[in-house]
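> Sequence and computational prediction follow.
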Amino acid sequence: MTPAAGWAGHRPAHCRHCTGPLNRTMIAAFTNRCWAGETVSTMKKNILFVEEQPKARRELEASLAGLTDRYDMRFVGSGTDALEKVETMAFDAVVTELRLSVVNGAQLLNEVMQRQPRALRFVLSDLSDRQATMKCVGTAHQFLSKPCDPGTLSAALDRALAYENWLPSERVRTVLMQLHKLPSPPQLYFQVVRELQSPEASLENVGALIARDPAMTAKVLQLVNSAVFGLHRAVASPAEAVMYLGIDTTKSVILLAHSFSYFDQIRDSEFSVENLWKHSIRTGNFARWIAQREQADKQLIEESYTAGMLHDLGKLALAANLPGKFTEAAMLAASRGCPLWEAEEQVLGASHAEIGACMLAIWGLPIGIVEAVALHHHPTKFLSQGFCPLTAVHAANAIEHAESSGSAHLPVDADYLAQLDLDGRLPVWWEACREEEKKAAAK
């Protein structure tokens, strides 16, 4: 069995958590997995660590000594020294604390973004220092609490850096380097995941976590009270929202709300954020109902729902960062009557699916979600042996487009479904989506 085929049914227990040990067998498989026709790199990654305190720097270096088999690591004591290193060698990732003298962490990350845009940028900080942390929003790919144990740090690096192995296309990297307005992963999402691992986990505690973030509270309540959720009463608090939505839906809503909040500045007349919002939520619901109809396990259902909600995240990133090119792609698709992703590839060199998947991979989301987002227009590239989140999202996206347009035609990849011996299930899934939507509306 090929590594990719093995991944088709593999759902490791720890890969969807932001803390805790990451199975080394899984990491090896993740590093070596591939899609049909793709090759991956096995070269060691160059990582630059910036820690000003000599004692802390020595301890960090010692704690990471066991990672030399896959990382070439450099440790420096100031932002100035870090910039000198950046001038002389290429890095795959830079990990820095925020409070540095002369050149501080925010300034350093901004310089790294300009000089080495392909390098991933990590911040180690006391997340209670919101003022310092906010200065890095838009330049940091991930924030990690300080002190950070070696297992958590190495797991975050492994997950984020792995995206280059499963999406090695140079054209995608070229587009990614032009995207300077990208949200960092929502810390609230990972706090909720950690809360759910606690023996004292409760809906009330999750609601209290959301309530600590006023901006996220406002966005979550806006989303929950919108027509797309179909609740027949006003939801006034995060705790109440969690009670009505459930834990799994709440986690997905946090990710979606965070992403839409970051890109609120989009004002392109050719691009409707509201329409995308509605399409995303509905596709997520459809993907979950399809997975349930296939009697999938709880994790696969959850990943299908989240991937459905986030499958078009790349459209937001492209519209915010490259509005001219994105509008050109949209106009080309309209004039030729071709899919948007096809026009994006011609105009931009990469599609919204690939860009969105890269963002989620860098955030460290589960591989099943990342794959579903990356390939929801090209499912045959995934060497799958059975129903998976990609299957659910590919079908859900097609069904939602057909339902919204009133078309009887479903733009699905028939060959992909036939390979899985699922081609006869499409009418069943479509009817299930209609039935469940009617039930939800009647509640």
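Perfect, I can see it now.
> ok, residue 381 to residue 353 distance?
If you measure residue 381 against residue 353 using Cβ to Cβ, to the nearest Å, the figure is 11 Å. For the C-beta atoms, the positions are set from N, CA and C on the backbone; glycine is no exception.
> Of all residues in the protein, which one is nearest the centre?
Centroid check for the chain by Cα atoms, centre = their mean gives residue 360 as the closest residue, at 1.7 Å.
> Need the three-state assignment for that residue.
The three-state label given to residue 360 by DSSP: H, G, I helix; E, B strand; the rest coil is helix.
> Looking only at neighbour counts, state which of residue 381 and residue 353 leads.
Between residue 381 and residue 353, residue 353 has the larger neighbour count (other Cβ atoms under 10 Å), namely 25 against 18.
> Check which element follows the helix or strand hosting the more buried one along the chain.
Assessed by DSSP states H and E, residue 353 sits inside helix 352-363. Using DSSP H and E, the helix or strand that follows helix 352-363 towards the C-terminus is helix 367-374.
> Okay, buried residues for the very next helix or strand once past that following helix please.
Later in the chain than helix 367-374, the nearest helix or strand by DSSP H and E is helix 389-405. Burial within helix 389-405, assessed by neighbour count using 16 or more other Cβ atoms under 10 Å, is assigned to 389-403.
> which residues are in contact with both of residue 381 and residue 353?
Applying Cβ atoms under 8 Å, 6 or more residues apart in numbering, one finds that residue 381 and residue 353 are jointly contacted by residue 375.
> Identify the residues contacting the helix holding residue 353?
With contacts defined as Cβ under 8 Å, 6+ apart, helix 352-363 is touched by 120, 141-142, 159-160, 162-163, 166-167, 169, 172, 175-176, 179, 182-183, 185, 310-315, 317-318, 340-341, 344, 369-371, 373-378.
> Give me the mean pLDDT for that helix.
Taken as a whole, helix 352-363 has a mean pLDDT of 86.
> tell me the angle of that helix relative to helix 367-374?
If you take axes from the mean of the first three to the mean of the last three Cα atoms, to 10 degrees, helix 352-363 sits at 160 degrees to helix 367-374.
> Tell me the gap between helix 352-363 and the middle of its chain.
6 Å (Cα atoms, centre = their mean, to the nearest Å).
> ditto for stretch 346-358
Taking Cα atoms, centre = their mean, one finds stretch 346-358 lying 14 Å from the centre of the chain it belongs to.
> got it, and stretch 278-287?
For stretch 278-287, the distance to the chain centre is 16 Å (Cα atoms, centre = their mean).
> And for it, what's in contact with it?
Stretch 278-287 has contacts (Cβ under 8 Å, 6+ apart) with 223, 228-229, 252, 256, 304-312, 389, 392-393, 395-397, 399-401, 403-404, 433, 436-437, 440.
> Repeat that for stretch 419-430.
Residues outside stretch 419-430 that contact it (Cβ under 8 Å, 6+ apart): 289-290, 293-294, 380, 384-387, 391, 395-396, 399, 402, 410, 412, 414, 417.
> Mind doing that once more with 7 Å?
290, 293, 384, 386-387, 391, 395, 399, 410, 412, 414, 417 (Cβ atoms under 7 Å, 6 or more residues apart in numbering).
> Select from those residues the entry with the lowest predicted confidence.
Minimum confidence in those sits at residue 384, scoring 68.
> surely residue 177 meets residue 116?
No. Counting by Cβ atoms under 7 Å, residue 177 sits too far from residue 116 to count as a contact (9.5 Å).
> hang on, the earlier thing: just name the closest of the buried residues of helix 389-405 to residue 277, please.
Set against residue 277, the nearest of the buried residues of helix 389-405 by Cβ to Cβ is residue 400 (12.7 Å).
> give me every residue that touches that closest one.
Contacts for residue 400 were tallied using Cβ under 7 Å, 6+ apart; they are 279, 282-283, 286.
> run the last query once more with 6 Å
The contact partners of residue 400, by Cβ atoms under 6 Å, 6 or more residues apart in numbering, come to 282-283, 286.
> Residue 224 too?
Contacts of residue 224 by Cβ under 6 Å, 6+ apart are 235, 241.
> From residue 172, how far off is it?
For residue 224, the distance to residue 172 (Cβ to Cβ) stands at 34 Å.
> for residue 104, same thing?
From residue 104 to residue 172 the distance is 31 Å (Cβ to Cβ).
> Between the two, point out the one with more neighbours.
Taking neighbours as other Cβ under 10 Å, residue 104 and residue 172 compare with residue 172 leading, 22 against 18.
> And that one, which helix or strand is it part of?
In this assignment (DSSP H and E), residue 172 forms part of helix 170-176.
> Give me the residues contacting that helix.
348-350, 354, 358.
> Could you pull out the buried residues of that helix?
When burial is assessed from 16+ other Cβ under 10 Å, helix 170-176 yields the following buried residues: 172-173, 175-176.
> Just the buried subset of the contacts of helix 352-363, please.
Buried members of those, scored by 16+ other Cβ under 10 Å, are 120, 141-142, 159-160, 162-163, 166-167, 172, 175-176, 179, 182-183, 185, 310-315, 317-318, 340-341, 344, 369-371, 373-378.
> excluding its backbone neighbours, what's nearest residue 250?
If you skip the residues right next to it in sequence, residue 250 has residue 242 as its closest partner in space, 5.0 Å away by Cβ to Cβ, 6 or more residues apart in numbering.
> contacting residues around residue 116?
Contacts of residue 116 (Cβ under 6 Å, 6+ apart): residue 86.
> Need phi/psi at it.
Torsion angles at residue 116 (phi, psi; degrees, to the nearest 10) stand at phi -130, psi 70.
> From residue 86, how far out is it?
According to Cβ to Cβ, residue 116 and residue 86 sit 6 Å apart.
> quick one, longest helix in this structure?
Ranked by residue count under DSSP state H, the longest helix found in the chain is helix 273-293.
> which other helices and strands contact whichever helix or strand comes after that one?
Under the assignment DSSP H and E, the closest C-terminal helix or strand after helix 273-293 is helix 298-310. On a contact count with 3 or more Cβ pairs under 6 Å, 6 or more residues apart in numbering; DSSP states H and E, helix 298-310 meets helix 247-262, helix 273-293, helix 367-374, helix 389-405.
> so can I have JSON lines of the ones you listed showing distance to residue 152?
Formatted as JSON lines, those follow (distance: least, Cβ to Cβ, whole Å):
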{"stretch": "helix 247-262", "distance to residue 152": "19"}
{"stretch": "helix 273-293", "distance to residue 152": "29"}
{"stretch": "helix 367-374", "distance to residue 152": "18"}
{"stretch": "helix 389-405", "distance to residue 152": "25"}
